[in-house]
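>>> next one to model:
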Amino acid sequence: MTLLKRLFFLMFLTGLCATGGLAYWSSQAIFFNEKSIDFSIKPGSSLRSASRQIRDANVPINPYLFELLARVTGKANQLKAGAFEAKSDESPLDLLNKIANGEFSHSSLAIIEGWSFKQMRAAIDANADIKHDTRGWSDQEIVKKIDAEFSAAEGLFFPDTYLFAKGSSDLEVYQLAHQSMMKRLKDAWQNRAENLPYKTPYDALVMASIIEKETGQASERAMIAAVFINRLRSGMLLQTDPTVIYGMGDKYKGKIRKVDLQTDTPYNTYTRGGLPPTPIALPGLASLTAALKPAQSNAYYFVAKGDGTSHFSQNLDEHNRAVNKYQR
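Alright, predicted model coming up:
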């Protein structure tokens, strides 16, 4: 065998061994002490840079072999930027496929029914998995950025548990929650009962927020809605404490006093007729439904019975008797 043929043969054997070794390495599980390791690949990263970013996040892979694996499998130009999660039972090939397919790691955020927008912002700001692009913005700046048709942020976001890719902008969460609320409000408005005293869907949203704050009993929401709708129709004041509390802002310390009921604010429904100017909380679907499909009732009053439920009355005399019975 000539020298040249020997060289070619040795190169062939070396390549065969290298390929076999790479195949074996790529199929073995990545072992580390943690259950998983989060890592990110920056936008615009080269294959070599991406491999090193994975290693620098303490994922125990050889960046040179990972780079070679990506080239051999034809995925060198398919890697996605974003946040990912490496698991200890995955192989380098599993990890490569995950990055090439854009299987980003996800987190969740719970927005609770009845929260104010201030509470929602605090929860988003406290979430470590979100990119906080809106921190320091005013509420109005957020509303404008998500293209909401209303100027006030309160009530415009649907309370739910939202899944998002780790590292997503908080603006994406606001956008998603707003779109969800607008869709549910539109659907509820299209299926509303007849002759309701609302001029616009926004009026119904305001009412739904009041219902949300007035009761935690799902079975009573439709009756609470009926009471307030009957009052609107007759020109009575709504006289609902949650609106007064909302109007007090930080002055509210856990107890509402007679002077608070007498102090006029845009949200004091003891001093001003009709609905308050904006929602006072984030209403859930049940409250939206109740506001637009109230119970059929002639009740104008209700009082808490002390067991989590309420007594509903059609006139003031009956209401006063219920107050004496349940609260005095």
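
>>> just the strands in the stretch 201-328 of the chain please.
301-304, 310-313 (DSSP state E, counting those that start in this stretch).

>>> which strands border the last one, and is each parallel or antiparallel?
By that I understand strand 310-313. Sheet partners assigned to strand 310-313 using DSSP bridges are listed as strand 301-304 (antiparallel).

>>> name the residues that touch the strand it pairs with?
Contacts to strand 301-304, defined as C-beta atoms under 8 Å, 6 or more residues apart in numbering, come from residues 223-224, 227, 310-316, 318-319, 322-323, 326-327. In this view, the C-beta of every residue, glycine as well, is placed from N, C-alpha and C.

>>> hmm, back to that, now the strands of the stretch 201-328 of the chain as JSON lines including mean pLDDT, mean neighbour count and distance to Gln78?
Shown next, in JSON lines, are the strands of the stretch 201-328 of the chain (pLDDT from 0 to 100; neighbours: other C-beta atoms under 10 Å; distance: least, C-beta to C-beta, whole Å):
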{"stretch": "strand 301-304", "mean pLDDT": "89", "mean neighbour count": "19", "distance to Gln78": "61"}
{"stretch": "strand 310-313", "mean pLDDT": "88", "mean neighbour count": "20", "distance to Gln78": "60"}
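
>>> can you lay out those strands as TSV showing distance to Leu237?
Output for those, formatted as TSV (distance: least, C-beta to C-beta, whole Å):
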stretch	distance to Leu237
strand 301-304	12
strand 310-313	16
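
>>> so where's this structure shaky on pLDDT?
1-20, 328 (pLDDT under 70).

>>> please redo it, this time with the cut-off set to 50
Across the chain, the ranges flagged by pLDDT under 50 are 1, 3-17.

>>> around Pro60, how many other residues sit close by?
Close neighbours of Pro60, defined as other C-beta atoms under 10 Å, add up to 13.

>>> leaving out chain neighbours, which residue sits closest to it?
Of all residues not flanking Pro60 in the chain, Phe32 sits nearest, at 5.4 Å (C-beta to C-beta, 6 or more residues apart in numbering).

>>> report the buried residues of the helix or strand hosting Phe164.
Using DSSP states H and E, Phe164 sits within strand 161-165. Of all the residues in strand 161-165, those buried under the rule 16 or more other C-beta atoms under 10 Å are Tyr162, Phe164, Ala165.

>>> quick check, nearest of these to Gly44?
The closest of those to Gly44 turns out to be Ala165 (C-beta to C-beta; 17.9 Å).

>>> what sits against that closest one?
Gly82, Ala83, Phe104, Ser105, His106, Ser107.

>>> does the third one touch Gly82 like I think?
Yes. Checked against C-beta atoms under 8 Å, the pair Phe104 and Gly82 is within contact range at 4.7 Å.

>>> common neighbours of those two, please.
Ala165, Gly167.

>>> show me the domain layout of the protein.
Annotated domains of the chain cover 22-100, 107-186, 192-326 [automatic domain parsing].

>>> what about the strands in the stretch 51-200 of the chain?
Using DSSP E, counting those that start in this stretch, strands in the stretch 51-200 of the chain cover 82-87, 106-110, 161-165.

>>> distance to Leu95 added to those, as CSV?
Formatted as CSV, the strands of the stretch 51-200 of the chain follow (distance: least, C-beta to C-beta, whole Å):
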stretch, distance to Leu95
strand 82-87, 6
strand 106-110, 17
strand 161-165, 17
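
>>> indicate which one of those strands is closest to Gly306.
Nearest to Gly306, of all the strands of the stretch 51-200 of the chain, is strand 106-110, at 29.9 Å by C-beta to C-beta.

>>> any idea how far the strand holding Phe164 is from the chain center?
Distance of strand 161-165 from the chain centroid (C-alpha atoms, centre = their mean, to the nearest Å) equals 7 Å.

>>> go on, stretch 113-121?
10 Å.

>>> using CSV, list the CA coordinates for that stretch.
Provided in CSV are the C-alpha atoms of stretch 113-121 (Å, rounded to 0.1, in the frame of the first residue of the first chain):
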residue,chain,number,x,y,z
GLU,A,113,-60.3,38.0,40.3
GLY,A,114,-61.0,41.2,42.3
TRP,A,115,-57.5,42.5,42.2
SER,A,116,-57.0,46.2,41.4
PHE,A,117,-54.6,47.0,38.5
LYS,A,118,-52.2,48.2,41.1
GLN,A,119,-52.1,44.7,42.6
MET,A,120,-51.7,43.2,39.2
ARG,A,121,-48.7,45.4,38.4
